[in-house]
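1. Sequence and predicted structure, then a few things I'm wondering about:
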Amino acid sequence: MSFNNLPLIEPLQAALRKQGYTTPTSIQQQAIPHILEGKDLLGCAQTGTGKTGAFTLPLLQLMFQGFDRQRERRVIQTLILTPTRELAIQIGESIQAYGCYLPLKHVVIFGGVPQSSQVKAIQNGVEILVATPGRLLDLMQQNIVHLDHIRYFVLDEADRMLDMGFVRDVQRIISKLPAKKQTLFFSATMPPEIKQLSNVLLHNPVKVEVTPVSSTVDLVEQKVYYVGKTDKFDLLLHLLKDPGIESMLLFVQMKHHADKLTRQLIKAGIHCEAIHGDKLQRARQRALDNFKARKTRVLVATDIAARGIDIEELTHVLNYDLPNVPETYVHRIGRTGRAGATGVAISFCDWTEKSFLTDIQKLIKKNLTVVKAHPFDNPMMHTDSVNLTTTSSFSNMRRGGKKSARRVSRF
């Protein structure tokens, strides 16, 4: 199936040709016709499936078809709410690319930067607003943003909103929206809180589900190295001697660990930068741009980069720290093996992380390939036997449940 088979207007088709896109993804094939028919939609899709295009393309068409060129003042008709600055920027770039032949204006707003330029753009008049919850609420409280004329509402990465503690902010925003609107709701997972929120928001929705969160891209080779915690850095340097690792997105759990590891890699002669929630927006964007341009070989990240960062031809993802939430593993390794390309996902696993590995393999329904006989291999870790002290510590870590998992995921 090609984009020509979808009922998209010529300005959008021309923009797609300009970008070199010919074949829609599965979620685009399923979602676009329903959205064009004005239906509410519940989309369950993990990152990398093309869902940004799935809602951006039809919304641009619907807005253009109702566009009044004689209107004296532009008002916000579409609100796209997303959890992170990086994802907001990516959505804005998609709107710019797909809507390049349309007279619609958009603005992206997020915190961590001065609001003056964002406010000026809004006051000059826009039809589409892409926003993160915190900055949007700030501008609403200042009476700069008004949502009275919203006709289309997109809630993207709803489960990530939950993980980052934004659900109450989202509820406050929703309470200010008109009752009559078309709503598009996207989430990679559907925990009870997200199901409840979708039931409140959506009216007789069409459900579109592709690539369940428990699946991982078949083209991604998944390996695990058993290694002691104190040997992880030496193993990393050993792997980076391979020139075949052209670019590596490296995940750690904590912000301070990202900075420390970056300093160690730079000292070892590796071109490296870090990205996490404490970095200023301009520093984060610069680090991403350098990584995409291959000026930086290794980008060290916390899970703020696990979703919504589209890095073309990323060859390797490395879980320096295994995530304690198994779904996070799927989102992390989804950064590679995109758009039909191959990729390699490497995980380091020390003794205290074996229960996390077990949960990951249970979720994805496959065992990671164990790399044996590397210079820092500990044969004792290849056994499934665990002493009672270790088992007890695993239980204590896991008793925190969702609360502790979400606390870590905010970093």
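-> Structure's in. What do you need?
2. Now do the same contact list for residue 235.
-> Contacts for residue 235 (Cβ atoms under 8 Å, 6 or more residues apart in numbering) come out as 225, 227, 348, 374-376. All C-beta atoms are positioned from the backbone trio N, CA, C, and that covers glycine.
3. same thing with residue 50?
-> 24-28.
4. mind listing the helices for the stretch 251-400 of the chain?
-> Along the stretch 251-400 of the chain, counting by DSSP state H, counting those that start in this stretch, helices occupy 255-267, 281-292, 326-333, 354-364, 388-398.
5. Switch those over to CSV; also include mean neighbour count.
-> As requested, the helices of the stretch 251-400 of the chain are exported to CSV (neighbours: other Cβ atoms under 10 Å):
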stretch, mean neighbour count
helix 255-267, 17
helix 281-292, 17
helix 326-333, 25
helix 354-364, 18
helix 388-398, 12
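6. mean pLDDT lowest for which of those helices?
-> Of all the helices of the stretch 251-400 of the chain, the minimum mean pLDDT falls on helix 388-398 (a mean of 36).
7. can you redo the helices of the stretch 251-400 of the chain as a markdown table with distance to residue 195?
-> Formatted as a markdown table, the helices of the stretch 251-400 of the chain follow (distance: least, Cβ to Cβ, whole Å):
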| stretch | distance to residue 195 |
| --- | --- |
| helix 255-267 | 31 |
| helix 281-292 | 32 |
| helix 326-333 | 15 |
| helix 354-364 | 19 |
| helix 388-398 | 23 |
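8. Specify the stretch among those that is closest to residue 233.
-> Nearest of the helices of the stretch 251-400 of the chain to residue 233, taken as Cβ to Cβ: helix 255-267 at 6.2 Å.
9. Give me the helices and strands touching the closest one, please.
-> When contacts are defined as 3 or more Cβ pairs under 8 Å, 6 or more residues apart in numbering; DSSP states H and E, helix 255-267 packs onto helix 232-239, strand 272-275, strand 298-301.
10. okay, these, which one's buried deepest?
-> strand 298-301 (a mean of 26; mean count of other Cβ atoms under 10 Å).
11. Report the backbone C-alpha coordinates of that strand in PDB.
-> Only the C-alpha atoms of strand 298-301 are listed here, as PDB (Å, rounded to 0.1, in the frame of the first residue of the first chain):
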ATOM      1  CA  VAL A 298      28.300   8.100  22.300                       C
ATOM      2  CA  LEU A 299      25.200   9.800  23.800                       C
ATOM      3  CA  VAL A 300      24.600   9.000  27.500                       C
ATOM      4  CA  ALA A 301      21.000   9.300  28.400                       C
END
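12. elements contacting that strand?
-> Contacts defined by 3+ Cβ pairs under 8 Å, 6+ apart place strand 298-301 against strand 248-251, helix 255-267, strand 272-275, helix 281-292.
13. what about 6 Å?
-> strand 248-251, helix 255-267, strand 272-275 (3 or more Cβ pairs under 6 Å, 6 or more residues apart in numbering; DSSP states H and E).
14. Tell me which residues are up against the second one.
-> Same thing as helix 255-267. 252, 272, 274, 276, 278, 298, 300, 302, 411 (Cβ atoms under 6 Å, 6 or more residues apart in numbering).
15. Also the first one?
-> Counting contacts by Cβ under 6 Å, 6+ apart, the residues outside strand 248-251 that touch it are 298-301, 314, 316-320, 332, 335.
16. So what sits opposite residue 186 in the bridge?
-> With DSSP bridges applied, residue 186 shows beta-bridge pairing to residue 43.
17. Tell me, what's the model's pLDDT at it?
-> 92.
18. ok, it - contacts?
-> Here residue 186 is in contact with 43, 51, 156 (Cβ under 6 Å, 6+ apart).
19. how close does the last one sit to residue 16?
-> Distance from residue 156 to residue 16, counting by Cβ to Cβ, to the nearest Å: 21 Å.
20. Pick out whichever of these two has more residues nearby.
-> Taking other Cβ atoms under 10 Å, residue 156 and residue 16 do not tie; residue 156 has more neighbours (24 against 21).
21. which one of the contacts of residue 50 is nearest residue 327?
-> residue 27 (18.1 Å).
22. There's contact between the closest one and residue 45 in this structure, I believe.
-> Yes - with contact defined as Cβ atoms under 6 Å, residue 27 reaches residue 45; the gap is 5.0 Å.
23. Outline the domain layout of this protein.
-> As assigned by automatic domain parsing, the chain contains the domains 3-210, 220-409.
24. These: lowest mean pLDDT?
-> domain 220-409 (a mean of 80).
25. Could you find the closest non-adjacent residue to residue 372?
-> Closest residue in space to residue 372, ignoring its immediate chain neighbours: residue 382 at 7.1 Å, by Cβ to Cβ, 6 or more residues apart in numbering.
26. who touches residue 182 in this structure?
-> Counting by Cβ under 6 Å, 6+ apart, residue 182 touches 38, 152.
27. cutoff 10 Å now
-> Counting by Cβ atoms under 10 Å, 6 or more residues apart in numbering, residue 182 makes contact with 35, 37-41, 58-59, 62, 78, 150-154, 202-203.
28. all strands in the stretch 301-411 of the chain, in order from the N-terminus.
-> Listed in chain order, the strands of the stretch 301-411 of the chain (DSSP state E, counting those that start in this stretch) span 316-319, 343-349, 369-370.
29. Save those strands as JSON lines, and put in distance to residue 120 and mean neighbour count too.
-> Shown next, in JSON lines, are the strands of the stretch 301-411 of the chain (distance: least, Cβ to Cβ, whole Å; neighbours: other Cβ atoms under 10 Å):
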{"stretch": "strand 316-319", "distance to residue 120": "39", "mean neighbour count": "25"}
{"stretch": "strand 343-349", "distance to residue 120": "41", "mean neighbour count": "23"}
{"stretch": "strand 369-370", "distance to residue 120": "53", "mean neighbour count": "12"}
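30. between these, which gets nearest to residue 2?
-> That would be, of the strands of the stretch 301-411 of the chain and by Cβ to Cβ, strand 343-349, which comes in at 25.7 Å.
31. okay, and the common contacts of residue 27 and residue 45?
-> Here residue 27 and residue 45 have 51, 54, 186, 208-211 as joint contacts, going by Cβ under 10 Å, 6+ apart.
32. Give me the buried entries from those residues.
-> Buried residues within the shared contacts of residue 27 and residue 45, counting neighbours by 16 or more other Cβ atoms under 10 Å: 51, 54, 186, 208, 210-211.
33. now residue 9: how far from residue 105?
-> Distance from residue 9 to residue 105, by Cβ to Cβ: 18 Å.
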